[in-house]
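Trainee: Attaching a predicted model along with its sequence, questions to come.
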Amino acid sequence: SVGGTVAEPIAVNATEPLLLDAVRGKEVERPPVWLMRQAGSYQLLCEKHPSFRERSENVDLVVEISLQPWKVFQPDGVILFSDILTPLSGMNIPFDIIKGKGPIIFDPPKTLTDLEKVREFIPEESVPYVGEALTILRKEVNNQAAVLGFVGAPFTLASYVVEGGSSKNFTKIKRLAFAEPKILHSLLQKFATSMTKYIRYQADSGAQAVQIFDSWATELSPVDFEEFSLPYLKQIVDAVKTTHPDLPLILYASGSGGLLERLPLTGVDVVSLDWTVDMADGRRRLGPNVAIQGNVDPGVLFGTKEFITNRINDTVKKSGKGKHILNLGHGIKVGTPEENVAHFFEVAKGLSASYEQG
Ligand code: CP3
C-alpha cells in the first residue's frame with residue numbers, strides 16, 4: 001500500500017445469525033431461541049449497584065449485564081440491557097425505576113403547555129451509552145447470535161408518562177384519549193418521531209433487530225387501538241424501512257388475542273405472541289407473511305423438565321416449519337429455577353434433529 005501501516009484485520013464472522021435467517025424465511029435447522037430477563041447472576045449486580053438507572057446507563061454495566069445470559073446459555077438473541085423508559089430523561093420527562101414500586105414519572109405532563117416542554121429525543125446526545133454498549137455487544141457476540149435493541153411503542157410510553165407510572169385501570173390515559181384526544185395525539189406523535197430516530201440510532205450502533213414493546217396497547221378496544229396505537233406503529237415502521245429496509249422489527253404486545261389480525265398491518269416483520277393464544281391459532285390468524293416469536297407460558301419454567309420439553313415440542317410443532325423464534329410469551333419470572341432455564345435452552349438447541357423445513 002502507498003504509505004502508512006496497514007491496520008490489523010479484525011476477524012469478523014460474516015455468517016448471519018440464525019435469528020435473522022429465520023425472520024427472513026430462510027431454511028434453518030431449528031428455530032432460534034432467546035428469552036427476556038434471561039440474566040441469572042443479575043441479582044448479585046443489583047446488590048452492588050442498587051440504582052436501576054445506574055445499571056442501565058453505565059456502558060460497562062450495560063455490557064456486563066447484557067452478556068450474562070449469553071455467557072451462561074448461549075441464546076440466539078442477546079438483548080440490550082436497558083428499559084423502554086430510558087429515553088424519557090432525554091425528552092425532559094424525569095423518571096426513576098424503584099425496586100418494588102416500578103417506574104415513576106416525577107412530574108407527569110397534563111396540559112398542552114406541559115407537553116410543549118417534552119423535547120424530541122436526540123439519542124446520540126442523550127443516551128450515548130446505549131450506542132457504545134451496542135457497538136461493544138456486536139463485537140463481542142460477533143454474529144454468533146443477533147444483538148437485539150428495543151424501544152417502547154408510543155401508546156405504551158404515553159401510558160407511563162400520563163399515568164405517572166404503572167397503572168391498573170388506565171383511567172388517566174383514557175380520560176385524555178376520550179376527552180382531549182388532541183393532547184394525546186400530540187404526545188404520541190412526539191414519541192413516534194423520537195422512537196424512529198432511536199431505532200435508527202440503535203441499528204447504526206450495532207443492533208441487528210429491534211423489538212418494539214407495546215405492552216399496554218391491549219388495554220385499548222380494537223377501534224381505539226386503530227386510532228391511538230396502530231397509526232403510530234405503522235409510521236415508525238414505514239419510516240425505519242425507508243432508511244433500514246433490512247432491519248427486522250419485532251412487535252410485542254401482551255394479551256393481544258383480540259388484536260391479532262391488526263398487528264401485521266403495522267408492517268413489522270415479527271409478531272411476538274403471548275401464551276393466551278394457541279400457537280396454531282396465532283399462525284393462522286397472523287397470516288403467512290410475518291414471523292412469530294413466542295409463545296411458551298413463563299410459568300411453564302416452574303414445571304418438571306418433562307413438562308417443559310413437551311411444551312416446547314408442542315409450540316414448535318404448531319408454529320409450522322420456519323418463520324418462528326422460540327421464546328416465552330413474556331419475560332422470565334422472578335424465582336424461576338435456573339436449571340429449568342438451562343433445560344429450556346438445551347431442548348431448544350437440540351431440536352435440529354426433529355425439525356424439518358418444508
Ligand atoms: O431482558 C432484559 O432484561 C432486557 C432489558 C429490559 C428491561 N425492561 C429491564 C428491566 C427490557 C426489554 C424491558 C422492557 C420493558 N420495561 C417493558 C416491556 C416489556 C414488558 O414487560 O411488557 C416495560 C413495560 C418496561 C417498564 C418497566 N421496567 C417496568 C414495568 C418495570 C418494573 C417491573 C418489576 O419487575 O418491578 C421495569 C424495571 C425493569 N426493567 C427490570 C428489568 C430487568 C426489573 C427491575 C430491576 O431490575 O431493577
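Mentor: That came through fine.
Trainee: Up against the ligand, what does the stretch 1-150 of the chain have?
Mentor: Counting by Cβ under 6 Å from any ligand atom, the stretch 1-150 of the chain comes close to the ligand at 36-37, 52, 79, 81-85, 97, 99, 102-103, 150. Placement of C-beta: from N, CA and C, glycine included.
Trainee: Mind putting these into CSV with pLDDT and distance to Lys26?
Mentor: Output for those, formatted as CSV (pLDDT from 0 to 100; distance: Cβ to Cβ, whole Å):
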residue, pLDDT, distance to Lys26
Met36, 91, 24
Arg37, 82, 28
Phe52, 93, 38
Ile79, 97, 22
Phe81, 96, 29
Ser82, 96, 29
Asp83, 96, 32
Ile84, 98, 30
Leu85, 98, 35
Ile97, 95, 38
Lys99, 89, 42
Gly102, 93, 39
Pro103, 97, 38
Phe150, 98, 23
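Trainee: show me where the chain has strands.
Mentor: Assigned by DSSP state E, the chain shows strands spanning 77-79, 95-98, 102-105, 146-152, 209-213, 249-252, 270-273, 291-296, 324-328.
Trainee: Mind listing the strands the first one pairs with, and their directions?
Mentor: Partner strands for strand 77-79, per DSSP bridges, with pairing direction: strand 146-152 (parallel).
Trainee: Need the single longest helix in the protein, by residues.
Mentor: Longest helix of the chain, by residue count under DSSP state H: helix 181-205.
Trainee: Quick check: the residue nearest to Glu261 when sequence neighbours are not counted vs the ligand, distance?
Mentor: Distances taken as Cβ to Cβ, 6 or more residues apart in numbering put Arg285 closest to Glu261, at 5.8 Å, once the chain neighbours are dropped. Going from Arg285 to the ligand by Cβ to the nearest ligand atom, to the nearest Å gives 21 Å.
Trainee: Any regions of the protein where pLDDT drops low?
Mentor: 1-10, 38-41, 356-358 (pLDDT under 70).
Trainee: Centre-most residue in it?
Mentor: Geometric centre of the chain, nearest residue: Gln211, 3.5 Å, by Cα atoms, centre = their mean.
Trainee: Report the contact partners of that one.
Mentor: The contact partners of Gln211, taken as Cβ atoms under 8 Å, 6 or more residues apart in numbering, are 79, 148-151, 249-252, 272.
Trainee: Would you convert these into CSV that also reports neighbour count?
Mentor: Shown next, in CSV, are the contacts of Gln211 (neighbours: other Cβ atoms under 10 Å):
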residue, neighbour count
Ile79, 26
Leu148, 25
Gly149, 25
Phe150, 22
Val151, 28
Leu249, 23
Ile250, 24
Leu251, 24
Tyr252, 27
Ser272, 27
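Trainee: and those residues as a markdown table, adding distance to Asn310?
Mentor: Below are these laid out as a markdown table (distance: Cβ to Cβ, whole Å):
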| residue | distance to Asn310 |
| --- | --- |
| Ile79 | 27 |
| Leu148 | 28 |
| Gly149 | 33 |
| Phe150 | 30 |
| Val151 | 35 |
| Leu249 | 32 |
| Ile250 | 26 |
| Leu251 | 28 |
| Tyr252 | 25 |
| Ser272 | 22 |
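Trainee: and the residue in the stretch 151-300 of the chain that the ligand sits nearest to, what does it touch?
Mentor: Per Cβ to the nearest ligand atom, Ser215 is where the stretch 151-300 of the chain lies closest to the ligand, at 3.3 Å. By Cβ under 8 Å, 6+ apart, the contact list for Ser215 reads 84, 152-153, 156, 252-254.
Trainee: just Gly322 next, same as before
Mentor: Residues counted as contacts of Gly322 (Cβ under 8 Å, 6+ apart) are 22, 25, 27-28, 357.
Trainee: And Ile98, by the same measure?
Mentor: Residues in contact with Ile98 (Cβ under 8 Å, 6+ apart) are 52, 104.
Trainee: Enumerate the beta-bridge partners assigned to it.
Mentor: The partner list for Ile98 in beta bridges (DSSP bridges) reads Gly102.
Trainee: wouldn't Val277 be in contact with Gly257 here?
Mentor: Yes: Val277 is in contact with Gly257 according to Cβ atoms under 8 Å; the separation is 4.9 Å.
Trainee: Looking at those two, which is more packed in?
Mentor: Between Val277 and Gly257, counted using other Cβ atoms under 10 Å, Val277 has the larger neighbour count: 21 against 16.
Trainee: Please report the distance of the more buried one from Leu251.
Mentor: 14 Å (Cβ to Cβ, to the nearest Å).
Trainee: go on, Val127?
Mentor: From Val127 across to Leu251, the span is 22 Å (Cβ to Cβ).
Trainee: And for Ser354?
Mentor: 29 Å.
Trainee: Lys101 now?
Mentor: For Lys101, the distance to Leu251 - Cβ to Cβ - is 28 Å.
Trainee: Kindly report the same for Phe121.
Mentor: 20 Å.
Trainee: just Pro245 next, same as before
Mentor: In this view, Pro245 and Leu251 are 17 Å apart by Cβ to Cβ.
Trainee: need the residues of the stretch 251-358 of the chain near the ligand, please.
Mentor: Checking the stretch 251-358 of the chain against the ligand by Cβ under 6 Å from any ligand atom, the hits are 254, 331.
Trainee: got the residue ranges for the helices in the stretch 251-358 of the chain?
Mentor: 279-286, 305-319, 338-349 (DSSP state H, counting those that start in this stretch).
Trainee: which residues touch Ser126?
Mentor: Ser126 sits next to 87, 89-91 when contact means Cβ under 8 Å, 6+ apart.
Trainee: 7 Å instead, please
Mentor: 87, 90 (Cβ atoms under 7 Å, 6 or more residues apart in numbering).
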